[in-house]
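**Student:** just a sequence and a predicted model for now, questions to come.
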Amino acid sequence: MKTIAFIPARYAATRFPGKLMQKLGDKTIIRHTYDNTVATLLFDEVIVVTDSKIIFDEVIRNEGYAIMSKQPHESGSDRIAEVVSDMEVDLVVNVQGDEPFVKKLLLESLLMSFNHDPNQEIKVASLMYPVANEEMINNPNHVKVVVDKNSNALLFSRSIIPFHRDKNISATYYKHVGIYAFRKSALIDFTSWEATPLESIEKLEQLRYLENGVKIKMVVTDESPLSIDTPEDLEKAKKLMHLF
């Protein structure tokens, strides 16, 4: 099964423009993400897909593999799908460009869900991390997910889900870790559908799958690497780098 990791990379991020070119130690964020994904040795290829000549040049200059997207895209999945449509690949993994601390164990657990799926019932899979921190639960930048008894996602939201109405019952909260794996056909289907109502309201592309009846298998992980969404996250990342 040919597996390729794609790293969609926009320069003009809404909350933190140019964040992927910010320095973290002696390398840019996009280079950390790319190099750490390559270092897992889990993929046949690792490719950055970007709309930015600046990011493209940064990857190529450092002997990485990058492709310029031809069309503007609202989501990373759409950007990847443009490239994937003409490639021979079975499994596509979407590693966000702002995940400089991505690790092998995290990606390996995601891929294993497909290895244990002989009937190819899983079309899309992603990761979730149990959280108890009230600040994280209440923060709309940390997307939450609730699942059914088979660990398929029921809903993703920036709001608090579930709402803890009955305090006599313990509530478990899961943060969505925004790394995905798709069968190629599922990703191509995604781009053929129009943006859906919940997707547009929440600005969460994965809701397009749920609103079109496609299940997303959620895999529990015991770690949630720091992603860089804001300048404050970058400062946290710099402090974290000093611990290694």
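**Tutor:** Here it is on my side, so go on. For clarity, every value in this text was computed on a predicted model and none was experimentally measured.

**Student:** could you use CA atoms for every contact and neighbour count after this?
**Tutor:** Will do.

**Student:** do a quick rundown of the helices in the protein.
**Tutor:** With helices called from DSSP state H, the chain shows them at 29-39, 53-61, 76-84, 104-115, 134-138, 184-192, 197-202, 207-211, 231-241.

**Student:** which parts of the fourth one are buried?
**Tutor:** So the one you mean is helix 104-115. Residues of helix 104-115 classed as buried by neighbour count (16 or more other Cα atoms under 10 Å): L106, L107, S109, L110, L111, S113, F114.

**Student:** follow-up on the earlier one: now render the helices of the chain as a markdown table, adding distance to M128.
**Tutor:** Converted to a markdown table, those look like this (distance: least, Cα to Cα, whole Å):
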| stretch | distance to M128 |
| --- | --- |
| helix 29-39 | 19 |
| helix 53-61 | 29 |
| helix 76-84 | 19 |
| helix 104-115 | 10 |
| helix 134-138 | 13 |
| helix 184-192 | 20 |
| helix 197-202 | 18 |
| helix 207-211 | 15 |
| helix 231-241 | 20 |
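
**Student:** okay if I get the ones you listed as a markdown table plus mean pLDDT and distance to M218?
**Tutor:** Output for these, formatted as a markdown table (pLDDT from 0 to 100; distance: least, Cα to Cα, whole Å):
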| stretch | mean pLDDT | distance to M218 |
| --- | --- | --- |
| helix 29-39 | 97 | 20 |
| helix 53-61 | 97 | 31 |
| helix 76-84 | 86 | 18 |
| helix 104-115 | 93 | 9 |
| helix 134-138 | 93 | 18 |
| helix 184-192 | 93 | 16 |
| helix 197-202 | 96 | 18 |
| helix 207-211 | 97 | 13 |
| helix 231-241 | 87 | 25 |
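
**Student:** tell me how far T28 lies from V59.
**Tutor:** Using Cα to Cα, to the nearest Å, T28 is found at 10 Å from V59.

**Student:** more neighbours, those two?
**Tutor:** V59 (21 against 18; other Cα atoms under 10 Å).

**Student:** so the more buried one sits against Y65, correct?
**Tutor:** Yes - using Cα atoms under 8 Å, V59 is in contact with Y65, at 6.6 Å.

**Student:** so what sits against both of those two?
**Tutor:** Counting by Cα atoms under 8 Å, 6 or more residues apart in numbering, the shared contacts of V59 and Y65 are V48.

**Student:** pull the longest strand from this protein.
**Tutor:** strand 173-183 (DSSP state E).

**Student:** A237: neighbour count?
**Tutor:** 20.

**Student:** do I30 as well
**Tutor:** Count around I30 with other Cα under 10 Å applied: 27.

**Student:** how near is it to S69?
**Tutor:** Taken as Cα to Cα, the span from I30 to S69 is 16 Å.

**Student:** same check on D57?
**Tutor:** Per Cα to Cα, D57 is found 14 Å from S69.
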